[in-house]
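Asker: pasted the sequence and its predicted model underneath.
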Amino acid sequence: MAPVFLPELRKYDAHGRLLWWSALDGLSPVYLEEMPNGAIATGTPEEGYHGTVAVQADEDLNAVILQVAFVTRERRRRGEAPDISTYVFDLDGGAGSLMDGDLDTVRDLYPGGALLSARLPFPTLRVVSWGGDTERGAAGGAP
């Protein structure tokens with residue numbers, strides 16, 4: 001999936017046949033334009049754009065977690081982290097929903113939970129189990 005260029009999520013089988021796709025409405029993607037000479041130009045809307053932060057698929061959980069960030073020039077200039085939106089999609093049919101507007105970046109999924117990270121106010125890893133969570137700072141190393 002690549003919502004930076006095309007705001008949709010697709011699933012293909014092992015033979016390359018499209019099984020389903022889900023459009024992500026309301027996102028401001030980077031736009032592509034084909035020039036007369038065949039070159040491709042890209043650009044961003046003035047108000048900002050959505051870019052992919054993380055995509056994790058887990059067949060045991062039967063889900064895809066997609067995170068996109070809304071990036072603005074002003075927040076980037078001030079060194080602030082972008083707003084992250086987290087979507088969860090069902091692997092079978094592509095049904096999805098917006099789950100959270102302020103979740104740390106999902107780095108990995110496993111049957112018992114997930115590994116999350118945040119870079120502000122300092123780099124942090126957080127292991128979330130489906131029964132609770134554990135936090136580790138940057139000095140703590142990987143779990």
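Answerer: Everything's here; your move. Numbers count the residues shown, from 1 in each chain.
Asker: quick check: neighbours of the helix or strand hosting residue 115 in the sheet, parallel or antiparallel?
Answerer: Under the criterion of DSSP states H and E, residue 115 resides in strand 113-118. Here strand 113-118 has these sheet partners by DSSP bridges: strand 105-110 (antiparallel), strand 124-129 (antiparallel).
Asker: mean pLDDT, mean neighbour count and distance to residue 34 added to those, as JSON lines?
Answerer: C-beta coordinates here come from the backbone N, C-alpha and C atoms, glycine included. Below are the strands paired with strand 113-118 laid out as JSON lines (pLDDT from 0 to 100; neighbours: other C-beta atoms under 10 Å; distance: least, C-beta to C-beta, whole Å):
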{"stretch": "strand 105-110", "mean pLDDT": "78", "mean neighbour count": "16", "distance to residue 34": "33"}
{"stretch": "strand 124-129", "mean pLDDT": "78", "mean neighbour count": "17", "distance to residue 34": "42"}
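Asker: okay if I get those strands as CSV plus distance to residue 85?
Answerer: Formatted as CSV, these follow (distance: least, C-beta to C-beta, whole Å):
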stretch, distance to residue 85
strand 105-110, 12
strand 124-129, 18
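Asker: those: which one's closest to residue 53?
Answerer: strand 105-110 (5.6 Å; C-beta to C-beta).
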